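Q: Sequence first, predicted coordinates after that:
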Amino acid sequence: MENDTINKGYTPEAVEAKWYEFWEQNGLFAASEESGRKPFSIVIPPPNVTGILHMGHSLNITLQDILCRYRRLRGDNVLWMPGTDHAGIATQNVVERNLATQGVDRHQIGREKFVEAVWEWRRKYGDAIINQLKRLGASCDWARERFTMDDGLSRAVRKVFVELYEAGLIYRGNYIINWCPRCQTALAELEVEHEEHNGHIYHIHYPLTDGGEGPVVATTRPETMLGDTAVAVHPEDDRYRHFNGKYVTLPLTGREIPIISDPYVDVSFGTGALKITPAHDPNDFEIGKIHSLPSVKVIGEDGLMTEEAGDKYKGLDRFECRRVVVEDLKNHGFLQKIEDYRHSIGHCYRCQTLVEPNLSKQWFVKTRPLAEKAVEAVKDSETKIVPEKWKNDYFKWMENIRDWCISRQIWWGHPIPAWKCADCDELVVAVEEPKKCPACGSRRLEQDPDVLDTWFSSALWPFSTMGWPDQTRLLKTFYPTSVLVTGFDILFFWVARMMMMGCHFMNDVPFKDVYVHALVRDENGKKMSKSSGNVIDPMVIIEKYGTDALRFTLAAFAAQGRDIKLSEKRIEGYRNFINKLWNAARLTLMHVTDKPADIDPSILGLADRWMLSRLKKVAYRVAEAIDGYHFNTAANEIYQFVWHEFCDWYLEAAKPALYGKWGEKRKQAALSVSWRILHDTLILLHPFIPFVTEEIWHLLPGTEGSVMKAVYPSDAPGFEQIAHDSAAEADMALVMDIITGIRNIRGEMNIAPSLALEVLIQTDNTAHQSLIKNNQALIGNLARLNSLNVASAGEKPKATATAIVDDLVISVFLEGVIDFAQESQRLEKEIAKLDKEIQAFLKKLENNDFINKAPAAVIDKTRSQYDECVEKLKKLKQNFDTIRSISEFQ
RNA sequence: GGGCGGAUAGCUCAGUUGGGAGAGCGGCGGCCUUACAAGCCGUAGGUCACAGGUUCGAGCCCUGUUCCGCCUACCA
């Protein structure tokens, strides 16, 4: 046979590269800027350009690819906009580390050369992550790939900055911000990760200037005392009322600072006296403003103590300084006690360094007015968040939003489009670099040295990638995008900010749906991280099991609202599924060597009709599940269908027909049905497992081109003619039960599978009688029977084992083989099981409340179930008695 | 401190408007049956965390408790 050459096992590595290239070269990922078709668009969450693919990406990309490939099959004009993010701090760190291996510090080579080095790095390694996305099968429109530092996107960034500035929504000022001493830059609130930590709380005595005993303050950061400019007590705290108007002498410095009263102080916490360090604590900063206190900055940008800290401490590292200060306080008798204290402290999300709250001049976005519109859009369901539970988090965050610090003191990123006149100090904010100062005409303009937060440019991604600020055709066709697929970890970082910017600048939401997916964890539920060493590398998995196996696993586990615990074992299981599909195709292709004739309903057998009916249902269900982002439901639905219906039942049932044992007509029916099922199944599965489906598609006679260009089964002409055949489904269910009943006896009675059996089925139900007669060959084949006879209900033959299915008494002749003791034991077990069920029904039916209050349909159903069980029990008992009487004779 | 989510078979989890508890993996027994041993057939296994409540009826709805996660917060 022609197809004997098809491999027995599916080998992904040989297949995947071939088809990806085929798709790309044939332009199958390309979106059309204008078309009559319904547009469907997704912008990719841009991965970090220096990053490598992890499982989180894999899930994210897989889900998007499923949606895109599915929408193409449904006939949509699909745009999947790809690209990468310049990831300011992270990328700068990577390149700096690389330079360090050559013994070079970025300050040695200077800003210009350093930025050039980063671009060089990007040119060299920037494709790595893109290539990994391709390995995953991502069907992005690569011709449109964007980078957040592209000219076009940079222009969008400048325009947004200028417009927000002119609208008063961007301002610059001196505030306490979160400073990372290692990255040497300001961070936004969001970029600080809080972690519980075992620390200490220090009680320090501040003596009164007049020599009297002063307040004792409590602090977790004693080194900041060097920058104290006041001590605050609560105005109604009787303990401290006598301090009113007095001054203390700040230990170790000798500076005199006032005791002030402020209702902010919590009398019940610590000592009730609060040291005020406006330059190093956000609350103290606020209090300082109210009381017009000076700010003394004792910790510098480098994490070392400043000159203001005093000669002794200047230049010390902040942690070393703490040790020395505590030592000195102790020696001078100021330190009253040290207590253990558990509290949370902030770390830089990029490098985990302890963040220092520091007074600094930065640029901020005034977020509240922007947030309002973004909240409204979700409240009005212009954007739907799925699953809905994330809506609350979104609202809560938006409603408590604080201004967004957007300036970063690094070199890699979008320069801030602001210039200062060296002559008159005029600040100029403009899209293009100004030639001269508009105030004094000077040409000595200096650009602000800071760059913008990376998320500032990511926030524009849904429209900047489509050419904004130009009014492009792409924008017109594809904005707002259909759905954003992302993890909840960047809901605030990214989604919320895109909502704000989209609503403000496009006057429309950036996406109609947001599908928030879970996190991928290790098999113990721990977050995968390099430091825990529990990372599963998608590329290693792909090499071992194939991309399709990985994708199907992720989809099958992507239940809404629950994290995915991933282990290789599971991937292996789904790899087996791919192989199962492959072998189902092999079997089919052994017989289907040419495209079979169209299905002729008049020659179909029961199994054929059943299978087609199931296909119809599954096609609808899968569509429904994907439409609702229930990826796991969709995946499991097809899995069940392919393996346990198509393979386990249909193909097994169809084998004799395919081999021509049942005549030409049945062969024709089996050929056309199995072709049809395989054909449609490939389409249903293609969004999930694109490679293997494409491979089989090309082996299947009667297909043309790519499966990507196929029509989703329920949209195909003629699909309506596939009957939803509930009669066939019910009949097949009974036939399956008969077969399973016989197999059960075979298994339980330890009868060799090779031994063909004789079976008698007794019933007075004439419909069932003819059903069995008509499908004698089918049952005989699958249950491995020698003979199958049908008769009216009557005396049960001896030396048989029995199964009761519906109103059928199935007797398996076991002359000479039967172990009567074993058979009676088996029946006893079943009787006991049935008895329990009957009791449960009876309890309901004897309950007057149930009869009076439950809906009639429920009562009817319960009653018929009860009747059925009773009937079955009766038959079982008869058989049990027969067997018992025989075994007693023996 | 506040909020959210979870607790269902040995393990990982489904269970969409309340109506006789499911899958995959693992276990056990039997099979190299000419698509597949990455397989086939059969089978065991659950007081649906605990305590109340609503209801004729609760895994599902309500209240409380316990134990795990996660997010969030400026109490020094």
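A: Yep, that arrived. Numbering: from 1, shown residues only, chains lettered A, B, ... in the order given.

Q: burial of A:Lys379, as a residue count?
A: Using other CB atoms under 10 Å, the number of residues around A:Lys379 comes to 11. All C-beta atoms are positioned from the backbone trio N, CA, C, and that covers glycine.

Q: Over to A:Gly487?
A: Counted with other CB under 10 Å, A:Gly487 comes out at 18.

Q: tell me what the helix or strand where A:His768 lies is packed against?
A: Per DSSP states H and E, A:His768 falls inside helix A:766-774. Contacts defined by 3 or more CB pairs under 8 Å, 6 or more residues apart in numbering; DSSP states H and E place helix A:766-774 against helix A:726-748, strand A:785-791.

Q: hmm, who's touching the helix or strand following that helix?
A: Downstream of helix A:766-774, the first helix or strand assigned by DSSP H and E is helix A:776-782. Outside helix A:776-782, the residues that touch it by CB atoms under 8 Å, 6 or more residues apart in numbering are A:605-607, A:652-653, A:655-656, A:662, A:735, A:738-739, A:772, A:785-788.

Q: go again using 10 Å as the cut-off
A: A:605-607, A:648-649, A:652-657, A:661-662, A:666, A:732, A:735-736, A:738-740, A:742-743, A:756-757, A:759, A:761, A:771-772, A:775, A:785-790 (CB atoms under 10 Å, 6 or more residues apart in numbering).

Q: Of those, grab the buried ones for PyMOL.
A: Selecting the buried subset of the contacts of helix A:776-782 in PyMOL, with 16 or more other CB atoms under 10 Å as the burial test, is done by:
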select buried, chain A and resi 605+606+607+649+652+653+654+655+656+657+662+666+732+735+736+738+739+742+743+757+759+761+771+772+775+785+788+790
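
Q: The contacts of helix A:776-782 also near RNA strand B: which ones?
A: The residues of the contacts of helix A:776-782 that also fall near RNA strand B, by CB under 7 Å from any atom of the strand, are A:648, A:652, A:655, A:739-740, A:743.

Q: What residues of the one helix or strand A:Glu543 maps to count as buried?
A: Element membership of A:Glu543 [criterion: DSSP H and E] is helix A:538-545. The neighbour-count check on helix A:538-545 (16+ other CB under 10 Å) flags A:538-539, A:541-542, A:545 as buried.

Q: Tell me which other helices or strands it touches.
A: helix A:12-25, helix A:55-73, helix A:127-135, helix A:547-557, helix A:568-591 (3 or more CB pairs under 10 Å, 6 or more residues apart in numbering; DSSP states H and E).

Q: can we see that at 6 Å?
A: helix A:568-591 (3 or more CB pairs under 6 Å, 6 or more residues apart in numbering; DSSP states H and E).

Q: State the mean pLDDT of the helix it packs on.
A: When pLDDT is averaged over helix A:568-591, the result is 93.

Q: what residues does that helix touch?
A: For helix A:568-591, the external contacting residues (CB atoms under 6 Å, 6 or more residues apart in numbering) are A:1, A:3, A:6, A:10, A:541, A:545, A:548-549, A:552-553, A:642-643, A:647, A:651, A:658, A:674, A:678, A:692, A:696, A:699.

Q: I'd like the helices and strands packed on helix A:766-774 written out as TSV, with mean pLDDT added.
A: Formatted as TSV, the helices and strands packed on helix A:766-774 follow (pLDDT from 0 to 100):
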stretch	mean pLDDT
helix A:726-748	92
strand A:785-791	94
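
Q: Of all pairs in the ones next to RNA strand B among the contacts of helix A:776-782, which one spans the longest distance?
A: Between any two of these, the greatest separation by CB to CB is 18.1 Å, found for A:Lys655 and A:Thr740.

Q: Low-confidence regions, the stretch 501-650 of chain A specifically.
A: Residue ranges of the stretch 501-650 of chain A with pLDDT under 70: A:523-526, A:529-532.

Q: which of the buried residues of helix A:538-545 lies closest to RNA strand B?
A: Of all the buried residues of helix A:538-545, RNA strand B sits closest to A:Tyr545, with 8.0 Å by CB to the nearest atom of the strand.

Q: Tell me the spacing between the closest one and A:Phe22.
A: 22 Å (CB to CB, to the nearest Å).

Q: And for A:His724?
A: Taken as CB to CB, the span from A:His724 to A:Phe22 is 36 Å.

Q: A:Ser268 now?
A: Distance from A:Ser268 to A:Phe22, by CB to CB: 71 Å.

Q: One more: A:Asp725?
A: 38 Å.

Q: cool, and A:Ala791?
A: Taking CB to CB, one finds A:Ala791 at 60 Å from A:Phe22.

Q: One more: A:Val540?
A: From A:Val540 across to A:Phe22, the span is 25 Å (CB to CB).

Q: again with A:Arg37
A: Separation of A:Arg37 from A:Phe22 (CB to CB): 23 Å.

Q: And the helices in the stretch 101-250 of chain A?
A: Along the stretch 101-250 of chain A, the stretches classed as helices by DSSP state H, counting those that start in this stretch are A:106-125, A:127-135, A:151-166.

Q: residues of the first one that come out buried?
A: Yep, that's helix A:106-125 we're talking about. Using 16+ other CB under 10 Å as the test for burial, helix A:106-125 gives A:106, A:114-115, A:117-118, A:121-122, A:125.

Q: by contact count, what packs against the helix or strand containing A:Leu274?
A: Using DSSP H and E, A:Leu274 maps to strand A:273-276. With contacts defined as 3+ CB pairs under 6 Å, 6+ apart, the packing partners of strand A:273-276 are strand A:216-219, strand A:230-233.

Q: now it: mean pLDDT?
A: Strand A:273-276 shows a mean pLDDT of 91 in the predicted model.

Q: what's the answer for stretch A:147-160, then?
A: Mean predicted confidence for stretch A:147-160 is 95.

Q: could I get it in PDB with only the CA atoms?
A: Below are the C-alpha coordinates for stretch A:147-160, written out as PDB (Å, rounded to 0.1, in the frame of the first residue of the first chain):
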ATOM      1  CA  PHE A 147       9.900  47.400  18.700                       C
ATOM      2  CA  THR A 148       9.100  49.900  21.300                       C
ATOM      3  CA  MET A 149      12.200  51.900  20.300                       C
ATOM      4  CA  ASP A 150      11.300  52.100  16.600                       C
ATOM      5  CA  ASP A 151      11.200  55.500  15.100                       C
ATOM      6  CA  GLY A 152       7.400  55.400  14.700                       C
ATOM      7  CA  LEU A 153       6.800  54.200  18.200                       C
ATOM      8  CA  SER A 154       9.300  56.800  19.600                       C
ATOM      9  CA  ARG A 155       7.400  59.500  17.800                       C
ATOM     10  CA  ALA A 156       4.200  58.300  19.400                       C
ATOM     11  CA  VAL A 157       5.900  58.400  22.800                       C
ATOM     12  CA  ARG A 158       7.100  62.000  22.300                       C
ATOM     13  CA  LYS A 159       3.700  63.100  21.100                       C
ATOM     14  CA  VAL A 160       1.900  61.500  24.100                       C
END
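
Q: Which ones, among the contacts of helix A:568-591, also lie beside RNA strand B?
A: Applying CB under 7 Å from any atom of the strand to the contacts of helix A:568-591, those adjacent to RNA strand B are A:10, A:643, A:647, A:651.

Q: May I ask which two of those residues are separated the most?
A: A:Tyr10 and A:Leu651 (16.7 Å).

Q: who has more neighbours, those two?
A: Counted by other CB under 10 Å, A:Tyr10 and A:Leu651 do not tie: A:Tyr10 has more neighbours, with 25 against 21.

Q: Need phi/psi at the more buried one.
A: When read as degrees, to the nearest 10, the backbone of A:Tyr10 gives phi -80, psi 130.

Q: what does A:Ile260 give?
A: Main-chain dihedrals, A:Ile260, degrees, to the nearest 10: phi -120, psi 160.

Q: If you rank every helix and strand of chain A by mean pLDDT, what lands last?
A: strand A:520-521 (a mean of 77; mean pLDDT, DSSP states H and E).
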